[in-house]
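> no FASTA, just this:
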């Protein structure tokens, strides 16, 4: 586990114990990661200049963090925190796109690309967010560990070694889980 991973894990423990100032310190440490992921999601969907959206990366990161605070979950590790943050961010995006494209406003949901990764899996994950969330929920019921690897890879853009470090799985195990997830998502969303 890297120093940053351990620091965030320690902060998550402190937040769970309601230590004074822990939430603010955690926000300082993870905010850039949240904004980076939000930026990648929005730019993949709307292009580099974010044309056609009123949602900015910082606003998406802020909304995600506020919802995380309200949940008051206990997090076992940095990987666990980001897995939950992934779900929350996808729900915020889903709510945003549903509201924006509601039938009374002209309707017509469009394809939403979830990451800037350039492989065949992103094409499968580029389905509409509700379909992608449904597929992730099904995968989580089928195999929670594979779902965690998938979220860290597709949503947070972590590399196989980074996922290995965050989850404590071997690199070979992460590669196997990722390969299964790619094929499974491809069949569900393709």
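Okay, I see it. In this text the structure is predicted, and so the values were computed from the model without any measurement.
> which residues in this structure form helices?
3-16, 22-46, 57-71, 78-100, 120-125, 129-142, 144-154, 160-167, 171-189 (DSSP state H).
> Could I get the ones you listed in a markdown table, plus columns for mean pLDDT?
Listed next are the helices of the chain as a markdown table, based on pLDDT from 0 to 100:
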| stretch | mean pLDDT |
| --- | --- |
| helix 3-16 | 79 |
| helix 22-46 | 83 |
| helix 57-71 | 85 |
| helix 78-100 | 80 |
| helix 120-125 | 46 |
| helix 129-142 | 82 |
| helix 144-154 | 87 |
| helix 160-167 | 84 |
| helix 171-189 | 91 |
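> among the ones you listed, which is the most enclosed?
When neighbours are counted by mean count of other C-beta atoms under 10 Å, the highest per-stretch mean among those falls to helix 144-154, a mean of 22. (Each C-beta comes from the backbone N, C-alpha and C, glycine too.)
> quick check: angle from it to helix 160-167?
Going by axes from the mean of the first three to the mean of the last three C-alpha atoms, to 10 degrees, helix 144-154 is angled at 130 degrees with respect to helix 160-167.
> Which elements pack onto helix 144-154?
Secondary structure elements in contact with helix 144-154, counted by 3 or more C-beta pairs under 8 Å, 6 or more residues apart in numbering; DSSP states H and E, are helix 78-100, helix 120-125, helix 129-142, helix 160-167, helix 171-189.
> Off-centre distance for the fourth one?
To tie it back to what came earlier, the one meant is helix 160-167. On the basis of C-alpha atoms, centre = their mean, to the nearest Å, helix 160-167 sits 15 Å off its chain's mean C-alpha point.
> From the contact counts, what lies against that helix?
helix 78-100, helix 144-154, helix 171-189.
> Compute the inter-axis angle for that helix and helix 78-100.
110 degrees.
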